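In: Pasted the sequence and its predicted model underneath.
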Amino acid sequence: MDGLTITRREEEEGTLVLQLSGELTIPWAGEFRQALLDAFDRAASVVVDVEKLAAVDITGLQLLCSAHRTSCACGRGFRLAGEGSAPFAEAAALAGFTRHVGCARDVGKTCIWTGGNT
(Lines give C-alpha, C1' and ligand atoms only; values in the text may rest on other atoms or scores of the structure.)
Protein backbone atom coordinates (compact mmCIF):
# COMPACT_ATOMS: atom_id res chain seq x y z
CA MET A 1 0.00 0.00 0.00
CA ASP A 2 1.44 3.34 -0.97
CA GLY A 3 0.36 6.70 0.31
CA LEU A 4 -1.78 8.10 3.04
CA THR A 5 -5.55 8.39 2.91
CA ILE A 6 -7.24 10.83 5.28
CA THR A 7 -11.00 10.58 5.65
CA ARG A 8 -12.69 13.38 7.58
CA ARG A 9 -16.00 13.02 9.42
CA GLU A 10 -17.82 14.81 12.18
CA GLU A 11 -18.36 12.46 15.11
CA GLU A 12 -20.43 14.75 17.28
CA GLU A 13 -20.92 18.48 17.39
CA GLY A 14 -17.51 20.11 17.56
CA THR A 15 -15.49 16.91 17.09
CA LEU A 16 -13.72 16.14 13.83
CA VAL A 17 -12.33 12.65 13.22
CA LEU A 18 -9.39 12.11 10.89
CA GLN A 19 -9.42 8.43 9.88
CA LEU A 20 -5.98 7.49 8.57
CA SER A 21 -5.15 4.53 6.38
CA GLY A 22 -2.02 3.59 4.49
CA GLU A 23 1.33 5.02 5.55
CA LEU A 24 1.93 7.81 8.04
CA THR A 25 5.51 8.27 6.94
CA ILE A 26 7.78 11.14 5.93
CA PRO A 27 6.63 11.39 2.28
CA TRP A 28 3.09 12.11 3.54
CA ALA A 29 4.01 14.32 6.51
CA GLY A 30 3.09 17.59 4.80
CA GLU A 31 -0.34 16.32 3.84
CA PHE A 32 -1.03 15.07 7.36
CA ARG A 33 0.28 18.28 8.95
CA GLN A 34 -2.07 20.35 6.82
CA ALA A 35 -5.01 18.08 7.69
CA LEU A 36 -4.24 18.58 11.39
CA LEU A 37 -4.01 22.36 11.03
CA ASP A 38 -7.30 22.46 9.13
CA ALA A 39 -8.94 20.24 11.75
CA PHE A 40 -7.83 22.47 14.62
CA ASP A 41 -9.17 25.49 12.72
CA ARG A 42 -12.57 23.84 12.22
CA ALA A 43 -13.24 21.87 15.39
CA ALA A 44 -13.14 22.19 19.15
CA SER A 45 -11.87 18.61 19.40
CA VAL A 46 -9.86 16.43 17.02
CA VAL A 47 -9.67 12.64 17.03
CA VAL A 48 -7.03 10.89 14.92
CA ASP A 49 -7.95 7.27 14.23
CA VAL A 50 -4.81 5.28 13.44
CA GLU A 51 -6.33 1.79 13.47
CA LYS A 52 -6.10 1.27 9.70
CA LEU A 53 -2.49 2.40 9.28
CA ALA A 54 -0.18 -0.12 7.69
CA ALA A 55 3.01 1.79 8.53
CA VAL A 56 4.11 4.62 10.81
CA ASP A 57 7.54 6.20 11.10
CA ILE A 58 9.14 8.64 13.53
CA THR A 59 7.89 11.61 11.52
CA GLY A 60 4.27 10.51 11.90
CA LEU A 61 4.75 9.93 15.62
CA GLN A 62 6.33 13.36 16.03
CA LEU A 63 3.44 15.02 14.20
CA LEU A 64 0.97 13.35 16.54
CA CYS A 65 2.97 14.50 19.57
CA SER A 66 3.06 18.03 18.14
CA ALA A 67 -0.69 17.93 17.54
CA HIS A 68 -1.26 17.03 21.19
CA ARG A 69 0.99 19.87 22.32
CA THR A 70 -0.88 22.23 20.01
CA SER A 71 -4.19 21.12 21.49
CA CYS A 72 -2.89 21.79 25.02
CA ALA A 73 -1.66 25.25 24.01
CA CYS A 74 -4.87 26.31 22.25
CA GLY A 75 -7.37 24.65 24.58
CA ARG A 76 -8.69 22.15 22.05
CA GLY A 77 -9.42 18.50 22.62
CA PHE A 78 -7.19 15.89 21.01
CA ARG A 79 -7.08 12.13 21.28
CA LEU A 80 -6.06 9.01 19.41
CA ALA A 81 -8.30 6.12 18.49
CA GLY A 82 -7.13 2.70 17.37
CA GLU A 83 -3.69 3.13 18.90
CA GLY A 84 -3.67 -0.53 19.92
CA SER A 85 -3.31 -1.66 16.30
CA ALA A 86 -0.11 -3.65 15.77
CA PRO A 87 1.67 -1.33 13.27
CA PHE A 88 1.01 1.76 15.37
CA ALA A 89 1.72 0.23 18.79
CA GLU A 90 4.94 -1.40 17.56
CA ALA A 91 6.19 1.82 15.96
CA ALA A 92 5.46 3.86 19.10
CA ALA A 93 7.18 1.32 21.34
CA LEU A 94 10.24 0.91 19.10
CA ALA A 95 10.69 4.68 18.86
CA GLY A 96 10.42 5.05 22.64
CA PHE A 97 7.23 7.11 22.63
CA THR A 98 5.21 5.02 25.08
CA ARG A 99 5.59 6.28 28.62
CA HIS A 100 4.08 6.29 32.10
CA VAL A 101 4.03 10.06 32.64
CA GLY A 102 3.32 12.79 30.12
CA CYS A 103 5.62 15.69 29.32
CA ALA A 104 5.76 18.90 31.38
CA ARG A 105 3.26 20.58 29.04
CA ASP A 106 0.67 17.89 29.73
CA VAL A 107 -0.92 19.61 32.73
CA GLY A 108 -4.32 18.12 31.84
CA LYS A 109 -2.93 14.55 31.98
CA THR A 110 -4.07 13.78 28.42
CA CYS A 111 -0.76 12.54 26.98
CA ILE A 112 -1.42 10.31 23.99
CA TRP A 113 1.60 8.15 24.80
CA THR A 114 0.31 7.23 28.27
CA GLY A 115 -3.20 6.51 27.09
CA GLY A 116 -4.36 9.90 28.36
CA ASN A 117 -4.68 8.72 31.93
CA THR A 118 -1.50 9.63 33.76
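Out: Okay, I see it.
In: Quick check: closest non-adjacent residue to C103.
Out: Leaving aside its sequence neighbours, C103 sits nearest to C111 (CB to CB, 6 or more residues apart in numbering; 6.7 Å). For glycine as for every other residue, the C-beta is placed from the backbone atoms N, C-alpha and C.
In: residues in contact with that neighbour?
Out: Counting by CB atoms under 8 Å, 6 or more residues apart in numbering, C111 makes contact with H68, R99, V101, G102, C103, T118.
In: can you do 10 Å?
Out: Contacts for C111 (CB atoms under 10 Å, 6 or more residues apart in numbering) come out as 65, 68-69, 72, 97, 99-103, 105, 117-118.
In: For the chain, which segments are assigned as strands?
Out: According to DSSP state E, the chain carries its strands in the segments 4-12, 15-24, 45-56, 77-81.
In: can you put those in CSV and add mean neighbour count and distance to L37?
Out: As requested, the strands of the chain are exported to CSV (neighbours: other CB atoms under 10 Å; distance: least, CB to CB, whole Å):
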stretch, mean neighbour count, distance to L37
strand 4-12, 14, 12
strand 15-24, 20, 11
strand 45-56, 20, 10
strand 77-81, 18, 13
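In: among the ones you listed, which is nearest Q34?
Out: Nearest of these to Q34, taken as CB to CB: strand 4-12 at 9.4 Å.
In: Give me the angle between that closest one and strand 77-81.
Out: Strand 4-12 and strand 77-81 are oriented at 120 degrees to each other (axes from the mean of the first three to the mean of the last three CA atoms, to 10 degrees).
In: G102 - nearest residue in space that isn't next to it in sequence?
Out: Among residues not flanking G102 along the chain, C111 sits closest, at 2.9 Å (CB to CB, 6+ apart).
In: Please report phi then psi for the one you found.
Out: phi -50, psi 130 (degrees, to the nearest 10).
In: And for R76?
Out: When quoted as degrees, to the nearest 10, the phi and psi of R76 stand at phi -100, psi 150.
In: Surely it is in contact with V47?
Out: No - applying CB atoms under 10 Å, one finds R76 not in contact with V47, separated by 11.3 Å.
In: That's all I had, so thanks and see you.
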